[in-house]
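> I'd like to go over a predicted model; first the sequence, then the structure.
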Amino acid sequence: MTEAADPVTVVLTGHLPFNLLLSAVLTWPIAMGLLRLYTRAVRRSMGSRTPGAPSAIAAPPFETARDTGHREPGSSATFHDLPGASTSPGADMLFARLFAQSRRAVLVYTIGGSAYALVMTTANLFANGMEILPLRFLFLFWVFVWPVVLTVGIVGVAARSDRFALAAAYFVGLSVLGAVGMRASPDLTWGQIFLMWILTDLPPTILLLTYLSRRVRAVGPLILTFMVLALTGSDIAVSVGGVQDSYTRAIVTLASSVGLGGTGAFVALLAAGFFAFAAVGWATLAWIGRRYQAKQISDESVTVDAIWLLFAIVHSIGLVFAHPLWALTSLGAFGAYKTSVRAGFWWLGRRDASSQKSPTLLVLRSFSIGRDGERLFEFIDRLWRRIGSIQMITGIDLAFRTVEPHEFLDFLSGRLARRFIDGSATMEQRLRERDTRPDRDLRFRVNDFFCYDDTWKMVLSRLVDESDAVVMDLRGFSRGNAGCVFELHELVRLVPLDRVVFVVDRRTDEALLAETLGDCRAGVYRLGLVNRRKLRQLLRALAAAAAPIPAVAA
């Protein structure tokens, strides 16, 4: 009874889980609402002209434009399918790096997760006074290493079928350990084996679904952090208000003086604590934004670290019943994970040859493609950013996926307009600010360019001219895509078309595309049914486009 009444134990085993649960439940609708407002703000600015601009800003001519040959009136392009095209040794090496870098990241996070599971398993055995037996230790280790499955699903697995296969492999391993355990202990049942996983890992997994869905993942961890801190403030305010009768009487008296009853006083106390700690939450988000801009963290590390921190808190709650100090296991286990991951990426970064090229990929598309465009970008984004950066003009189709922490905070504080390019000087500044170096997790960033309706053409011309490769999603391309027509003309004017991959399907008006490109030969990638083989072929085509062209004799 004494332990159950201990206030520290009550807070750690009752208040903390409740605040986590409520924060997770509120995160998804709040994140969706804010992202819709953010997308609406981006759409409104994109459709408007530069404030104070008397006329449209034309795309300037560049001396670096490459001569692509004379285009005869009425001439049209010829196409060749890229998957069957031969590749150079440089392209093959670049293609191999795409997957090698992804596998290395998976290995680093697996080692970090294993360090976490070792600490958590050892703490559980000691806290519960259990003898350390090899099979028992291995079974608990396997239960606590479950977050690795979720992490690998984000870091290194692109296809949904692969995620299911990864989860199935985990449960096969759990079943094997259970079968071995039942042979050693006849009293053990299958229900007990899987109940252990359900009680330990299922609750935080369900909570994670609220902010790890594709629609809100970019800002989900930020919203969850803010909500946890703000709701903790409400909890603390109520706890402090009721710690002594004199505090309670003072609060009731103050509430009565402004016409509030008992319920009103309680609600006011909740609100006061919420908004007081909301200031702390906002300061925390601003700190995260500054660390992101300083390249101390990346968008992926924020998401993955949130997974492990949540599991560390949940996994340590049960240990509090042994002694409140066992709650510190969460910090120790998370610290072991973070230290291992940091050391792993540092070591890999030192091994990487400094001479390796980090190609820049420009992503162009029609904003009207919708979900198909999102899925294709997600696949390219996940693998390409392991070897180089991505450039793109911000559009309403992918704004919610590519928003960065500091950009989202600018939107929340009403300063999103300063991100938009309003002329040549601003454009040059944004180009100088491009981030083409990898973060600490050896992952490159997406460089978003926010443009008004009369500045996007100017920005596009510069991005086309300064990118190593271009992928243009032309699925559904028709005469209604006037913006795409300008982009195609700029591609012909500024880059050899062997540096460009055009993605088409049966909805693409290829006759119009050939007419728009003029008298040239272009490679197209016909993306029909999206599967692993087709996407790998697309990556091979992009690697060939970005690889250096070997010198040949005239």
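Cool, got the structure. Residues are numbered from 1 along each chain as shown.
> what about the longest helix in this protein?
helix 89-127 (DSSP state H).
> Quick check: which element contains the residue nearest to residue 76 when sequence neighbours are not counted?
The shortest distance from residue 76 to any non-neighbouring residue, by Cβ to Cβ, 6 or more residues apart in numbering, is to residue 514 (3.9 Å). For glycine as for every other residue, the C-beta is placed from the backbone atoms N, C-alpha and C. Residue 514 is part of helix 510-517, with elements assigned from DSSP states H and E.
> Give me the distance between the two termini of stretch 130-148.
25 Å (Cα to Cα, to the nearest Å).
> Residues in contact with it: which ones?
109-110, 113-114, 116-118, 120-122, 124-125, 170, 173-174, 177-178, 180-181, 184, 196-197, 200-201, 205, 307-308, 311, 315 (Cβ atoms under 8 Å, 6 or more residues apart in numbering).
> How about stretch 292-309?
Contacts of stretch 292-309 (Cβ under 8 Å, 6+ apart): 109, 112-113, 116, 147, 150-151, 154-155, 208, 211-212, 217-218, 220-222, 224-225, 288, 291, 330, 334, 337-338, 404-406, 435, 437, 439-441, 443, 445.
> again, only using 7 Å
Stretch 292-309 is contacted from outside by 109, 116, 147, 150-151, 154-155, 208, 217-218, 221, 224, 288, 291, 334, 337, 404-406, 439-441, 443, using Cβ atoms under 7 Å, 6 or more residues apart in numbering.
> again, but for stretch 362-377
Residues outside stretch 362-377 that contact it (Cβ under 7 Å, 6+ apart) are 390-392, 395-398, 401, 463-464, 467, 470-473, 475-477, 481, 484, 487, 530.
> Kindly report the same for stretch 117-124.
Under the contact criterion Cβ under 7 Å, 6+ apart, stretch 117-124 has outside partners 137, 140-141, 144-145, 315, 319, 326, 329, 332-333, 336.
> ok, which stretches of the stretch 1-150 of the chain are strands?
Assigned by DSSP state E, counting those that start in this stretch, the strands in the stretch 1-150 of the chain fall at 78-81.
> give me the low-pLDDT residue ranges for it?
Applying pLDDT under 70 to the stretch 1-150 of the chain flags the ranges 1-15, 52-75, 83-87.
> name the element residue 387 belongs to?
Counting by DSSP H and E, residue 387 is part of no helix or strand.
> Next up, the contacts around it.
94, 97-98, 101, 358-359.
> thinking again about what came up before, would you mind checking the contacts of stretch 292-309 for buried ones?
109, 116, 147, 150-151, 154-155, 208, 217-218, 221, 224, 288, 291, 334, 337, 404-406, 439, 441, 443 (16 or more other Cβ atoms under 10 Å).
> show me where this protein has strands.
Applying DSSP state E to the chain gives strands spanning 78-81, 361-365, 390-393, 420-421, 446-451, 469-473, 500-504, 521-526.
> shaky segments in the chain?
Ranges of the chain meeting pLDDT under 70: 1-15, 52-75, 83-87, 158, 240-265, 353-356, 367-370, 528-530, 548-554.
> re earlier: for PyMOL, write a command that selects the buried ones of the contacts of stretch 362-377.
Here is the PyMOL command that picks out the buried ones among the contacts of stretch 362-377, judged by 16+ other Cβ under 10 Å:
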select buried, resi 390+391+392+395+396+397+398+401+463+464+467+470+471+472+473+475+476+477+481+484+487
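> tally of neighbours for residue 98?
Counted with other Cβ atoms under 10 Å, residues neighbouring residue 98 total 21.
> ok, and the closest non-adjacent residue to it?
residue 383 (4.9 Å).
> if I look at residue 42, how far off is residue 153?
Shown here: residue 42 relative to residue 153, a distance of 29 Å by Cβ to Cβ, to the nearest Å.
> of those two, who's got more company?
Shown here are residue 42 and residue 153; by other Cβ under 10 Å, residue 42 has more neighbours (23 against 17).
> okay, now the domains of the protein?
78-98+356-546, 105-209+302-348 (automatic domain parsing).
> For the nearest residue to residue 538 once chain neighbours are set aside, give the beta-bridge partners.
Excluding the flanking residues, the one nearest residue 538 by Cβ to Cβ, 6+ apart is residue 525, at 5.5 Å. With DSSP bridges as the criterion, residue 525 is bridged to residue 503.
> give the contact list for residue 525.
Residue 525 sits next to 82-83, 501-503, 538, 541 when contact means Cβ under 7 Å, 6+ apart.
> Repeat the analysis, applying 6 Å as the threshold.
Going by Cβ atoms under 6 Å, 6 or more residues apart in numbering, residue 525 touches 82, 501, 503, 538, 541.
> again, but for residue 418
No contacts exist for residue 418 under Cβ under 6 Å, 6+ apart.
> give me that answer again for 7 Å
By Cβ under 7 Å, 6+ apart, the neighbours of residue 418 are residue 410.
> same thing with residue 105?
Neighbours of residue 105 in contact, by Cβ under 7 Å, 6+ apart: 155-156, 386, 441.
> Adding distance to residue 431 as columns, could you present these in JSON lines?
JSON lines is the format used below for those (distance: Cβ to Cβ, whole Å):
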{"residue": "155", "distance to residue 431": "30"}
{"residue": "156", "distance to residue 431": "32"}
{"residue": "386", "distance to residue 431": "24"}
{"residue": "441", "distance to residue 431": "25"}
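> out of these, what pair is the most spread apart?
Spatially, the most separated pair among the contacts of residue 105 is 156 and 441, at 12.2 Å (Cβ to Cβ).
> any idea how far the residue nearest to residue 159 when sequence neighbours are not counted is from residue 539?
Leaving aside its chain neighbours, residue 159 sits nearest to residue 532 (5.5 Å; criterion: Cβ to Cβ, 6+ apart). Distance of residue 532 to residue 539, computed by Cβ to Cβ: 11 Å.
> From what I see, residue 389 and residue 439 are in contact.
No: contact criterion Cβ atoms under 7 Å: residue 389 and residue 439 do not qualify, at 10.6 Å.
> Quick check: neighbours shared by those two?
Common neighbours of residue 389 and residue 439 are listed as residue 445 (criterion: Cβ under 7 Å, 6+ apart).
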